[in-house]
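Predicted model and sequence below, questions to follow.
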Amino acid sequence: MNKLLNQILFAFILSLITNAALALDVQLLPDVKDGVVIAQIQDPERAVGYMVGDILTRHIIVTIKKPYKLIDESLPIVGYEKRYRGQVLGIDLSDIQHTSKDDGDKVIHELTLSYQVFTNKEVVKHGALPTEYLHLINLKSHGKEVVKYRIPSFEFAISPISLFGQVKVEEDMSTFRGPLLLDNSLEKKRLKTLLIVLVLSLLGLLYMLGKHAWLPRMGGPFARSYREIRKLPNTPQGIQQAVSSMHASLNTTAGNSLFSGNLEQFLVQNPAFNVIKTEMGQFFGLSRQVFFEPNSKHEVGNNPIQWLAQFCRRCRDCERGLVPDTLNTDAKA
């Protein structure tokens, strides 16, 4: 029972001494002896480029040898405005994290102090995280020895929100300033869109003008005939071979032998060929003159092989589901 009362009395006396030490001007307290406190301070990585609203964080590890003990009430207070020569610094402690660990003959304290900048000027302004003082008490002195340990300040530069006067970027090449980057996301998006349009256009041209069976519906019978007719000479034998090739393609497309007598039925079953109905009648007239009536006249002009090549190309467009171009007997096939 007496031991418990002694502990309570000691705690009460320690509390009174602590409050008295806090009431004293920190400058009146003596500094702690060398070797009692070991501090490791990790300051912010850079000392320039901060603006109003930015937060600077210091991480401090303080090792205190016994019998000295940290007075917790001497830790920095969140929101307390520090002053220098009567002027508010404009840098407030916004958060503090404190943990401690008893390690035998010493106690290890870890402090994380976060300061926020609340000041700004038209030009770069000098700033500093304030000096902090930790109060220590010697437990063996029965409250007679209270000392202080000084955590030094950290100086840095506060940049203005807006620039004042002329600034030459080429002369402001701080290693803390990253490269000036332009946002090219919109240009990239437009370039991708244009590339897609270009690829689709090229595929469309290939589909319409291609002579080989690289894409679906490009290997139809008229496509094969067109490749053959373009190589034939404008001679009676070449014209006869071209007409035969066209008959074979028409028969394959119709599914039976196609002549002028059943042309209407073919057009009903294959409406895509209606646009070249007139040319199909001219073709059968040319076929009749080539195979059956040499003295009869046809309506395909003076260059039958050229007309046949263009007519075959229009048939190829129809079998591909495309709108055929205008027949031009004056142009080369």
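Everything's here; your move.

Please parse this structure into its domains.
Partitioning the chain according to automatic domain parsing yields domains covering residues 2-161, 186-210, 219-319.

just for the stretch 51-200 of the chain, where's the confidence low?
84-86, 162-180 (pLDDT under 70).

How far away from the center of its chain is stretch 254-269?
Distance of stretch 254-269 from the chain centroid (C-alpha atoms, centre = their mean, to the nearest Å) equals 59 Å.

Contacts for that stretch, please.
When contacts are defined by C-beta atoms under 8 Å, 6 or more residues apart in numbering, stretch 254-269 is touched by residues H247, L250, N251, T253, N270, F273, N274, K277, M280, G281, F284. Every C-beta, even on glycine, is put in place using the N, C-alpha and C of the backbone.

Check stretch 41-54 too.
In this structure, residues lying in contact with stretch 41-54 by C-beta under 8 Å, 6+ apart are 56-60, 116-120, 127, 129, 151-152, 154-161, 174, 176-177.

Same question for stretch 231-248.
The contact list for stretch 231-248 (C-beta under 8 Å, 6+ apart) reads 221, 225, 228-229, 258, 283, 286-287, 290-291, 303-306, 308-309, 311-312, 315.

Report the buried members of those.
221, 225, 228-229, 258, 283, 286-287, 290, 303-306, 308-309, 311-312, 315 (16 or more other C-beta atoms under 10 Å).

quick one on the thing from earlier: quick one: which of the contacts of stretch 231-248 sit in helices?
Restricting the contacts of stretch 231-248 to those inside helices, with DSSP state H as the criterion, leaves 221, 225, 228-229, 283, 286-287, 290-291, 304-306, 308-309, 311-312, 315.

quick one, strands of the chain?
Counting by DSSP state E, the segments of the chain that form strands are 37-42, 55-65, 68-70, 81-84, 87-102, 106-117, 125-129, 132-138, 146-151, 154-158.

which of the ones you listed sits most buried?
Neighbour counts (mean count of other C-beta atoms under 10 Å) averaged over each of the strands of the chain peak at strand 132-138, with a mean of 21.

okay, the angle between that one and strand 87-102?
40 degrees (axes from the mean of the first three to the mean of the last three C-alpha atoms, to 10 degrees).

Now do strand 132-138: distance to the chain's middle.
Averaged over its C-alpha atoms, strand 132-138 has a centre that lies 51 Å from its chain's centre (C-alpha atoms, centre = their mean).

With stretch 252-266 instead?
Average the C-alpha atoms of stretch 252-266, do the same for its chain, and the two points are 59 Å apart (C-alpha atoms, centre = their mean).

most residues in a single helix of this protein, which one?
Ranked by number of residues, the top helix in the chain under DSSP H is helix 185-209.

bridging residues for A157?
Bridge pairing for A157 (DSSP bridges) gives the partners H126.

Contacts made by stretch 93-110 with the rest, please.
55, 59-66, 69-70, 72, 75-80, 111-116.

rerun at 7 Å
With C-beta atoms under 7 Å, 6 or more residues apart in numbering as the contact definition, stretch 93-110 has outside contacts at 55, 61-66, 70, 75-76, 78-80, 111-116.

Between the two ends of that stretch, how far is it?
One end of stretch 93-110 to the other measures 16 Å (C-alpha to C-alpha, to the nearest Å).

thinking again about what came up before, relative to E319, which of the strands of the chain is closest?
Checking those against E319 by C-beta to C-beta gives strand 55-65 as the closest, at 72.2 Å.

Determine the set of other helices and strands touching that closest one.
Helices and strands touching strand 55-65, as assessed by 3 or more C-beta pairs under 7 Å, 6 or more residues apart in numbering; DSSP states H and E, comprise strand 37-42, strand 106-117.

measure A39 to K33 for me?
If you measure A39 against K33 using C-beta to C-beta, to the nearest Å, the figure is 14 Å.

re earlier: which two of the contacts of stretch 254-269 lie the greatest distance from each other?
The span of the contacts of stretch 254-269, defined through C-beta to C-beta, is set by H247 and N274 at 19.8 Å.

and the two? which has more neighbours close in?
Residue environment comparison for H247 versus N274 gives the larger neighbour count to H247, 18 against 11, counting by other C-beta atoms under 10 Å.

mind checking how far the more buried one is from K69?
Relative to K69, and taking C-beta to C-beta, H247 is found at 112 Å.

before we move on, what about V52?
39 Å.
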